[in-house]
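Undergrad: Predicted coordinates and the sequence they were generated for:
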Amino acid sequence: MATTQNTVIKPYVFVSYSSKDKSTNTQLIMELLHRYPKHVWIDEIHRQIGRESDAYIKKTIQEASAFCIFITKNALDSSYVQKELEWADEKKRKDPQFHLIPVMLEKVEYIGFKQNITFIDLTTPESCMRDMVKLMTLLDEITKTKTGKDVIIYIILAALIGLILLLFVCVYDTYFSEQNTALSNNTAP
């Protein structure tokens, strides 16, 4: 799926949101593009001139590995987002491996997907911290990248190395402290 400036490679995630929420969604979109630059399809970046038809967008959703919708009041009021949601739901019914990822950005009443779906809740600071990790882990699995997991592994390895060094320093200090005490006791007149 090539475009004039950017290429998205499979597996990729189709991101659906209301253009009215552009300023609200910008930070999350930038984070997704930073972590998954070749695996996230966002209309304003990847849409080709002259290919904005319903058929083109539907085909793009049908070829995606996942559909991520940013749920806000504006998104729920958008007839275009609703169309995209219908196409994604249709694909999920045909392909159980297809992932539907609803990301709640505002507290709104939402009854959309026909399947039992777990929501990513980014509406409060507490849920945001918890569910951002869930979102990135899920996207790592879908896109077959290891950005989030690698960071966690590196943090764990760094902590283990730090503990080993701390243990070494403690043992070293204890050993030489005992040696110095023994030497000073032996040299006393």
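TA: Good, I have the coordinates.
Undergrad: CA only for contacts and neighbour counts going forward, please
TA: Will do.
Undergrad: Identify the structural domains in the protein and state their residue ranges.
TA: If you go by automatic domain parsing, the domain ranges for the chain are 13-144, 146-189.
Undergrad: Which of the ones you listed comes out lowest on mean pLDDT?
TA: Here the lowest mean pLDDT among the domains of the chain goes to domain 146-189, at a mean of 63.
Undergrad: would you list every one of the helices in this protein?
TA: Ranges of helices within the chain are 22-35, 43-46, 54-63, 73-77, 79-94, 125-143, 147-186, based on DSSP state H.
Undergrad: Quick check: phi and psi at residue 11.
TA: With angles defined as degrees, to the nearest 10, residue 11 sits at phi -80, psi 150.
Undergrad: Tell me how many other residues crowd it.
TA: 16 (other Cα atoms under 10 Å).
Undergrad: Quick one: residues contacting it.
TA: Residues near residue 11 by Cα atoms under 8 Å, 6 or more residues apart in numbering: 39, 64, 65, 142, 143, 144.
Undergrad: likewise residue 17?
TA: Per Cα under 8 Å, 6+ apart, neighbours of residue 17: 69, 70, 71, 75, 81.
Undergrad: Same check on residue 15?
TA: 40, 41, 42, 43, 67, 68, 69, 70.
Undergrad: Relative to residue 86, how far out is residue 76?
TA: 12 Å (Cα to Cα, to the nearest Å).
Undergrad: same question, residue 117
TA: Noted for residue 117: a distance of 15 Å to residue 86, by Cα to Cα.
Undergrad: thinking again about what came up before, please identify which of the contacts of residue 15 is nearest to residue 93.
TA: Residue 93 lies nearest to residue 67 out of the contacts of residue 15, by Cα to Cα, at 13.0 Å.
Undergrad: so that closest one sits right up against residue 92, yeah?
TA: No. Using Cα atoms under 8 Å, residue 67 is not in contact with residue 92, being 9.4 Å away.
Undergrad: Between those two, which is the more surrounded one?
TA: Between residue 67 and residue 92, residue 67 has the larger neighbour count (other Cα under 10 Å), namely 26 against 21.
Undergrad: Write down the beta-bridge partners of that one, one by one.
TA: Here residue 67 sits in beta bridges with residue 14, residue 100, as judged by DSSP bridges.
Undergrad: Quickly note the distance from it to residue 177.
TA: 62 Å.
Undergrad: Over to residue 30?
TA: Taken as Cα to Cα, the span from residue 30 to residue 177 is 54 Å.
Undergrad: burial count for residue 60?
TA: Close neighbours of residue 60, defined as other Cα under 10 Å, add up to 16.
Undergrad: Can you give me the separation between it and residue 177?
TA: Distance, residue 60 to residue 177, using Cα to Cα: 69 Å.
Undergrad: Could you tell me the end-to-end distance of stretch 39-54?
TA: Start to finish, the residues bounding stretch 39-54 are 21 Å apart (Cα to Cα).
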